[in-house]
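Engineer: only geometry, no sequence info:
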């Protein structure tokens, strides 16, 4: 295990949120889930519930409602959902770019952090293929990709 995955999370003194990196920039605030689903069809909440259940099947996860999105964190944020009126947009952070019909686009931010955007239109879109990538993203959230990459380097 690397020093990064052993180190306790740094906590913001204002909002109490934990971060893998000390003094990480963020917008402090205390938000709830309810505003994300207000005025939206029940299916939108069902998509979220199914996504969260799939994550919890993998392991413990912290749900971080923010002003414009809902983030999911192990040590670092590795996934997010943005509920819309007719669908849910989201992304996963994976250690390498992946081609899959699940993803609408991929953005690379660093050697080991690649955003994979997706759109969920119904609860059934949280399927076996998406869950496969959720497992990989969860490992990134736990910073396991840093341990593996150092062993490979």
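Structural biologist: Received, thanks. Worth saying up front: this structure is predicted, and the values here are computed from it rather than measured.
Engineer: On the three-state scheme, the closest residue to residue 85 other than its chain neighbours is what?
Structural biologist: Of all residues not flanking residue 85 in the chain, residue 40 sits nearest, at 5.7 Å (Cβ to Cβ, 6 or more residues apart in numbering). Yep, even glycine has a C-beta here, placed from its N, CA and C like the rest. Classification of residue 40 using DSSP: H, G, I helix; E, B strand; the rest coil returns coil.
Engineer: Backbone dihedrals for residue 40, please?
Structural biologist: phi -110, psi 150 (degrees, to the nearest 10).
Engineer: what's the neighbour count on it?
Structural biologist: Neighbourhood size, residue 40 [other Cβ atoms under 10 Å]: 16.
Engineer: Check the gap between the residue nearest the centre of the chain and residue 134 for me.
Structural biologist: Centroid-nearest residue in the chain, with Cα atoms, centre = their mean: residue 79, separated by 1.2 Å. Look at residue 79 and residue 134: by Cβ to Cβ, to the nearest Å, they are 7 Å apart.
Engineer: again with residue 75
Structural biologist: 16 Å.
Engineer: again, but for residue 59
Structural biologist: Taken as Cβ to Cβ, the span from residue 59 to residue 134 is 11 Å.
Engineer: So which of these two has more stuff around it?
Structural biologist: Higher neighbour count among residue 59 and residue 134: residue 134, with 22 against 12, using other Cβ under 10 Å.
Engineer: Name the nearest residue to that one, sequence neighbours excluded.
Structural biologist: residue 54 (5.6 Å).
Engineer: Can you show me the helices along the chain?
Structural biologist: 3-6, 34-37, 42-58, 128-141, 144-152 (DSSP state H).
Engineer: Deepest-packed of the ones you listed, please.
Structural biologist: Highest mean neighbour count among the helices of the chain (mean count of other Cβ atoms under 10 Å): helix 128-141, with a mean of 18.
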